[in-house]
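Asker: need coordinates for the following:
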Amino acid sequence: VKDMSTDVITIMNMIGFLIGLAVLALTVYTATLARRSEYGVLKALGIHNEYLYRTVLAQAFISVILGFFISLIITLMMTAIVPRLGLNMILVISGVSVLKVGGASLIIAGVAALLPIRQIAELDPALIFRGK
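Answerer: Residues are numbered from 1 along each chain as shown. Next comes the predicted model:
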């Protein structure tokens with residue numbers, strides 16, 4: 001007999017993954033749109049698209065790495081706090097689970113950067129100079 005709690009946890013993990021993907025994608029997309037004119041100027045100066053793509057990817061990865069370490073610190077603090085609250089709950093965090101979450105976070109960063117990269121690929125420097 002399969003325990004329903006594992007199904008619930010799996011669904012919660014998928015929902016968390018999708019929410020993380022959406023938040024990061026919107027953050028990177030908004031930051032890219034805010035700098036659209038700067039990317040247009042760089043393209044007009046002859047900077048290759050690959051360099052601009054790497055810039056967007058780096059921004060996404062830096063955001064994820066910072067968020068991951070902040071979350072890890074908060075999680076480790078919670079493992080110390082929860083048992084003291086009198087709750088009948090034990091939080092166990094293994095190195096393998098931290099690596100899995102870190103890997104998933106990097107995948108989220110790569111996927112989230114795809115839409116802004118597409119925007120940069122289609123960017124026409126002439127339109128930027130015309131103010132469109």
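
Asker: mind listing the strands for this structure?
Answerer: Using DSSP state E, no strands are assigned anywhere in the chain.

Asker: residue ranges with poor pLDDT in it?
Answerer: Confidence mapping of the chain against pLDDT under 70 gives the ranges 1-5, 132.

Asker: pull the longest helix from it.
Answerer: When the chain is parsed with DSSP state H, its longest helix is helix 49-81.

Asker: next, the buried residues of that helix.
Answerer: 52, 53, 55, 56, 57, 59, 60, 61, 63, 64, 67, 68 (16 or more other Cβ atoms under 10 Å). Placement of C-beta: from N, CA and C, glycine included.

Asker: again, but for stretch 8-24
Answerer: Of the residues in stretch 8-24, those buried by neighbour count under the rule 16+ other Cβ under 10 Å are 20, 21, 24.

Asker: cool, stretch 108-125 as well?
Answerer: Of the residues in stretch 108-125, those with enough neighbours to count as buried (16+ other Cβ under 10 Å) are 108, 109, 112, 113, 114, 116, 117, 120, 123, 125.

Asker: I appreciate the help and will end here.
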